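[1] show me how the following folds:
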Amino acid sequence: MKKITIAFDVDWTLIKDDTMKPNERIVELLKILSSFKNTNIIVWSWRGIDWAKNVTAILELSKYVDKYASKNHKGKDENGKHIFEPDFVPDIAIDDIQACELWLLNLIVKEK
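    Model prediction:
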């Protein structure tokens, strides 16, 4: 059975802003997807692994998460496109950034 790696972004995805207000529907999606037998749930952030762990702990999601990671954000290119150099490529990325192709399959959070 192939494991599907699903990476959830932190800022403006799991939390709505710097106030730590959870995005309830994305938090619930993380919980639901973690219940599948063939998923690996990763929480990552451009702010790094420690930030991902801290936010996950505050939201009481740690038991649903298999791994934490950094996106290794390197800035933006001359066209304003975000540059990431993560240590792995997830099968599915759930994120708020729509200005670039992040990974294999990209699900962009719609909040507006």
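
[2] strands along the chain, start to end?
    4-9, 39-45, 67-70, 73-76, 82-84, 92-95, 105-108 (DSSP state E).

[3] mean pLDDT for these: which is lowest?
    Note on the strands of the chain: lowest mean pLDDT is at strand 105-108, with a mean of 74.

[4] counting contacts, what elements does that one pack onto?
    strand 92-95 (3 or more C-beta pairs under 8 Å, 6 or more residues apart in numbering; DSSP states H and E). Where C-beta positions appear, they are placed from N, C-alpha and C, glycine not excepted.

[5] contacts only, for residue 46.
    Contacts for residue 46 (C-beta atoms under 8 Å, 6 or more residues apart in numbering) come out as 11, 70-71, 73, 82, 84.

[6] again, 10 Å this time
    Residues in contact with residue 46 (C-beta atoms under 10 Å, 6 or more residues apart in numbering) are 9-11, 52, 70-75, 82, 84, 86, 95, 97.

[7] report the two of the residues you listed separated the most.
    Greatest spatial distance among those (C-beta to C-beta): 52 and 75, at 19.4 Å.

[8] quick one: which of the two has more around it?
    The neighbour count for residue 52 versus residue 75, taken as other C-beta atoms under 10 Å, is higher for residue 52 (27 against 8).
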